[in-house]
Structure formats: structure tokens, C-alpha cells
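In: From the sequence below, what's the structure:
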Amino acid sequence: MTFLLKPSTGTPNFEGLNSHFSNEFYTKDMTSQSIFLRAKESLTDEGYINVRPNPFDNGTTVEYYSTSGSVAQLEVYSMTGNLVYKKSDNTGPGRNFFEITSDQLMHKSGLYLVRILTENQAYTAKIVLK
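Out: I've put the predicted structure just below:
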């Protein structure tokens, strides 16, 4: 996982978090800086979406929270805007899941945009197929 951070002063280029996902990140010159990260612990918030693992090799799970039962539609778009995969499923209130496999993305590595649409909510996330 890599984060692009823009400093308020200076021009360091930040490379990302360390491998233990602690509260440190490293600049290009490998100096360490501290940041505070807060994980979302509740799945009861509207608009919640979580993708794990991400990036992925074979498959990933898209988890989202729905306030009511309805039909949900998963759409996966390439970065050129082409719809590459689409699936609909009945959902219930609370936690819901969609699975995405590398087969469904034709084994084409890259960055994709995932969209989940329900009757009254929309969720968006980015995924990376290695």
C-alpha cells in the first residue's frame, strides 16, 4: 500500500508506509516521520467500503454496509473508463460482500475502479490486480 502525501512545507516525496503498517512513513531519503492512523472499527456507518486484500493476485473481497435490503450492483471499470465486469446480487441490511477474481478481470494487471450501487447508496473504491 502506498500513500501520496503532500507536505504543508518543503518538497519531500513520500514513498509509503513501512511493512508493518505502523505509524511511520519514509521519505525518499529514508528518513522516518510519524503519523497517526485510525482504523475504521465500525461497520454501521453509511458509505463504508473495504477491500481486502488490496492489491491482490487471485481474488479480493469488497465489503460494504447497506442500510436496507435491496439489489446491489457491482461494477468494475478500467482506468480508461471501460466497464470490465458487472454483477448484481440481493443484499440485506448490514454487512454485505462481493468477490472479485482475477479471472473476472481477464488476468489484466492494473488499477481498477470498483463501484457498488444500491437503491439509495453508492460506494467507490480503487483496487489493484498485481
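In: And the helices in the chain?
Out: All residues of the chain lie outside helices when identified by DSSP state H.
In: hey, where'd the strands end up in the protein?
Out: Along the chain, the segments classed as strands by DSSP state E run 14-17, 24-27, 32-34, 49-52, 59-66, 70-78, 83-91, 94-101, 110-117, 122-129.
In: Take the ones you listed and lay them out in CSV including mean pLDDT and mean neighbour count.
Out: Placement of C-beta: from N, CA and C, glycine included. Formatted as CSV, the entries for these read as follows, by pLDDT from 0 to 100; neighbours: other C-beta atoms under 10 Å:
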stretch, mean pLDDT, mean neighbour count
strand 14-17, 41, 16
strand 24-27, 48, 15
strand 32-34, 48, 10
strand 49-52, 91, 15
strand 59-66, 92, 19
strand 70-78, 94, 17
strand 83-91, 94, 14
strand 94-101, 93, 15
strand 110-117, 94, 17
strand 122-129, 92, 16
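In: ok, now which ones touch Leu105?
Out: For Leu105, the contacting residues are Val76, Val84, Tyr85, Tyr112, Leu129, by C-beta atoms under 8 Å, 6 or more residues apart in numbering.
In: Return the member of those residues nearest to Val51.
Out: Val51 lies nearest to Tyr112 out of the contacts of Leu105, by C-beta to C-beta, at 10.3 Å.
In: Excluding chain neighbours, what is closest to Asn58?
Out: Excluding the flanking residues, the one nearest Asn58 by C-beta to C-beta, 6 or more residues apart in numbering is Ser102, at 5.5 Å.
In: Revised request: answer the last question for Ser78.
Out: Excluding its sequence neighbours, the residue lying closest to Ser78 (C-beta to C-beta, 6+ apart) is Val84, at 5.3 Å.
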